[in-house]
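Student: heads up, no residue letters with this:
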C-alpha cells in the first residue's frame, strides 16, 4: 500500500512538473506547479516528515505560487507563440539525450547494484527516544537551525539582504538625471519597456 | 522528557564549535556592507564621497590586518569550526587575501564606472562587499550546506551586479541570461549534492554517515564505495555546477554576452573573483571528498581542459569587442588552470600553489587591462571595440604602457608575471606526465599571443586610418593622479612578480 502511494505521488509530481514546462499558457504552468508541489508534500507525508509536508504546502504551494500568479497577472503575459526549434537545436538535443541515456545505462549496468542490499534498521538515538519522532519534531529543526546550521542560517540572512538591495537597485526610480550627455529617466523607461 | 534533554545536550556540543572569531574578516566585511547602507542613508551631501571611501578604506584595513596575521598561526590548530562547516587551510587563508584584493580593485573600478553613468551609486559597494564576504566563506566551506548557501549569496549578488547598468539593454540582457543559465547550473549542482547526500547516508552501505554532506565523511564514504552509481552521478553533476562558475567548455555559453553586457567593474569581478572561487572550490573538492574518485575525475577534467583551452583561444581570435575578448580569453585561462587541477588530482602537491599563483598573476594582469578599459569606455559601456584603442600610445602614453604590460602578462610574455604563472602550471603538468594536455596548452598560448598582440598593435603601431578631423572628436582621456598611482602599482607588481616570486619560486 505504501509503495502504491509512493509511485502514485511520484508519477503525479513528475508528470505535472513536465506539464509546467510544456504548457504554452503561463497560468496553466503555474497551476500545474502547485499540483507538483502538493505531490512532493505527499511524498514527505509518506516519509513521516509531517512538518516538512506542511511547510511545503504552506510556503511553496501557498505563498510562493500566489506570488507567481500575481506576477503573471501583473505582466499580463499573453499566450506565447509557439516557437519552432531549428534543425540544429533538435539534432543537438537528440544527441545530448542519447548520450545521457547511454551514460546512465552504462553506469547502472556496470556499477554494482546498490539497491539489492536490504535496508538497515533506523539507527538508535542515544537516550532511548523514538528516532522518527525525534527527527521530525519541529523543535528538532529549530535546534538544528540555531546550533549546527547557525552559520549558513546567518549567511542566508545576508542572501536575503542582497536580494532586497537588488530589487531596489533594479527598480528604483532615478532622480536628478537631466545632466548633459546622460540618458534621461524617460529614455531609461523606454529601454526597460523595449526589453520586457 | 529526555527528548528535550537530548536535544540540549546535542546542541551544546555543536554550539561550542561556533567560533565566530575565526571568521572575523567575513563578519567585518558584512558589517562594512551594512555600514555603507547606513552612510548612504544618513550622510546627506557627503555620501557621494563618503561611501566609496568607507568601502575601500575599510577593506584596505581588513586586508592589512589579515596580511599581518598570515602565517602567524596554523589554521589547522583551530580544531573543529562550526561543526565542520568551515575548515580553514593555508590555501584558503591566501584566497581570502585574494578575494579582498580583488574586491578593493572592483570598488576602485566601480568609482570610475559610476562617475560616467546615471545609476544608483551606493548599492554597488554594498553588493560587492557582501559578495566578497560570501566568496571568502566559499573558499573555506567543508560542508555542502555551507558551500551551497555561500555560493547562492555570490550568485544572486552577481545577478544583480550584471544587470546593474539598467540603462543599457545589453546589461539587462546579460543579467537575464546569467539568471536563467545560473539558475540551471545551480539546479544541476543541487541535484548532484542531493544524490551524494542520499548515497552517503544510505544505512545499508559501509561507512555511511548521518552527516553525509560533510566533506570528510563523504571522502571516507567514497573511499569505501568507489563504485556506487548514485555517488558517481552526483559527483559528476557537482563538478558540472562548479565548471559553470569557472566557464569551462560545455558550460561556457553564457560568458561572451554576460561579460559584454555587464558593467566593466562587474566584468572584472566575474572574470577574476568568480572564476577564482570556482577553482578554490574545485581544489577543495578534488583534494577532499572526490579524492578517492580520481579514476573518474582525471579523464573527465582532462577532456574538459583540452576543449576549454582550444575553444577559448579560437573563439577569441575573431572578436573585436574587447570585453568579449577578455571573456573568451578568460575561458582559455580557465583551461590552463584546469591543467593544474588535473595535475593536483594526479598527486602533484605543488599544483595547488601553482593554480593560486596563476590566479594572482591573472588578477594583476586583468585589473591592469580593466583599469585601462574603464578609462577609455564612454557612457555606453558595452560598446568597447578594439578600434577605440587606435593610436592610444600617442593619445595617452601612460595608459598604453600599462595596457601593454597587462596584455603581455595575460599572453605570457617572458619577463612578466603571467609567463612565470604559466611556467609553474606547465611544470606541475609535466611532473604529472600530462604530455597531451601540455601540448594543447602550449598551442593555446601561441594562439592567444595573436589576439592579445592584435589589440596591442592597435594601441601602438596602427596608423591613423580615419578621415581627417575624426581625431579631434575623440574626447581627451584624462587620468587623475590616484588612478595613475593605482594602475602603475598594478603594472609594477605584474613586472615584479615575473622577476621575483618570493616563497613561491622555491618549490619549483
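Tutor: Arrived safely. Here the structure is a predicted model, which means the values were calculated and not measured.
Student: So which residues make contact with whichever strand or helix holds residue B:260?
Tutor: Residue B:260 belongs to helix B:255-261 when elements are defined using DSSP states H and E. The contact list for helix B:255-261 (C-beta atoms under 8 Å, 6 or more residues apart in numbering or on different chains) reads B:162, B:165, B:168, B:170-175, B:177-178, B:247, B:267, B:270-271, B:315, B:319, B:321, B:323-324, B:326-328, B:330-331, B:382. Every residue, glycine included, has its C-beta placed from N, CA and C.
Student: Stretch A:54-69 now?
Tutor: Outside stretch A:54-69, the residues that touch it by C-beta under 8 Å, 6+ apart are A:27, A:30, A:33, A:34, A:37, A:38, A:40, A:41, A:44.
Student: In stretch B:264-271, which of the residues would be classed as buried?
Tutor: Neighbour counts over stretch B:264-271 (16 or more other C-beta atoms under 10 Å in any protein chain shown) mark B:264, B:265, B:266, B:267, B:268, B:269, B:270, B:271 as buried.
Student: give me the subset of the contacts of helix B:255-261 touching chain A.
Tutor: Counting by C-beta under 8 Å from any C-beta of the partner chain, B:168, B:172, B:173 from the contacts of helix B:255-261 sit close to chain A.
Student: Doesn't the second one lie inside a strand?
Tutor: No. Secondary structure of residue B:172, determined by DSSP: H, G, I helix; E, B strand; the rest coil: helix, with no strand assignment.
Student: wait, isn't residue A:150 in contact with residue B:18?
Tutor: Yes. Here residue A:150 reaches residue B:18: they are 5.6 Å apart, a contact under C-beta atoms under 8 Å.
Student: Common neighbours of those two, please.
Tutor: residue B:82.
Student: Could you dump the buried residues of stretch B:264-271 into TSV with secondary structure and pLDDT added?
Tutor: As requested, these are exported to TSV (DSSP: H, G, I helix; E, B strand; the rest coil; pLDDT from 0 to 100):
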residue	secondary structure	pLDDT
B:264	helix	92
B:265	helix	93
B:266	helix	94
B:267	helix	94
B:268	helix	94
B:269	helix	94
B:270	helix	93
B:271	helix	93
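Student: For chain A, state which of these is nearest.
Tutor: Chain A lies nearest to residue B:266 out of the buried residues of stretch B:264-271, by C-beta to the nearest C-beta, at 12.3 Å.
Student: what residues are up against the residue lying closest to that closest one once chain neighbours are set aside?
Tutor: Excluding its sequence neighbours, the residue lying closest to residue B:266 (C-beta to C-beta, 6 or more residues apart in numbering or on different chains) is residue B:161, at 4.5 Å. For residue B:161, the contacting residues are B:124, B:127, B:128, B:131, B:262, B:263, B:266, B:269, by C-beta under 8 Å, 6+ apart.
Student: Assign residue B:161 to helix, strand or coil.
Tutor: Look at residue B:161: counting by three-state DSSP, its state is helix.
Student: The one 3 residues further on too?
Tutor: Under the three-state scheme (three-state DSSP), residue B:164 adopts coil.
Student: Counting neighbours, what do you get for it?
Tutor: A count of nearby residues for residue B:164, using other C-beta atoms under 10 Å in any protein chain shown, gives 28.
Student: what about it, distance to chain A?
Tutor: 7 Å (C-beta to the nearest C-beta, to the nearest Å).
Student: And that residue, what's its pLDDT?
Tutor: For residue B:164, the pLDDT comes out at 90.
Student: Please look at it and residue A:166 and confirm they touch.
Tutor: No. Residue B:164 lies out of contact with residue A:166 (C-beta under 8 Å); the separation is 9.0 Å.
Student: Phi first, then psi, for the one residue sitting closest to the centre of chain B.
Tutor: The residue lying closest to the centre of chain B (C-alpha atoms, centre = their mean) is residue B:273, at 2.5 Å. Dihedral pair for residue B:273: phi -70, psi -40, per degrees, to the nearest 10.
Student: just checking, residue B:253 touches residue B:182?
Tutor: No. Using C-beta under 8 Å, residue B:253 is not in contact with residue B:182; the gap is 11.7 Å.
Student: Just want to know which of the two has more residues nearby.
Tutor: The neighbour count for residue B:253 versus residue B:182, taken as other C-beta under 10 Å, is higher for residue B:182 (21 against 13).
Student: Give the closest residue to that one in space, chain neighbours not counted.
Tutor: Closest to residue B:182 by C-beta to C-beta, 6+ apart is residue B:155, at 5.4 Å.
Student: can you list the weak-confidence ranges in chain A?
Tutor: A:77-82, A:111-136, A:175-196 (pLDDT under 70).
Student: domains of it?
Tutor: Residue ranges for the domains of chain A, per automatic domain parsing: A:1-82, A:150-196.
Student: export these to a markdown table and tack on mean neighbour count?
Tutor: Compiled in a markdown table, those are given as follows (neighbours: other C-beta atoms under 10 Å in any protein chain shown):
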| stretch | mean neighbour count |
| --- | --- |
| domain A:1-82 | 14 |
| domain A:150-196 | 14 |
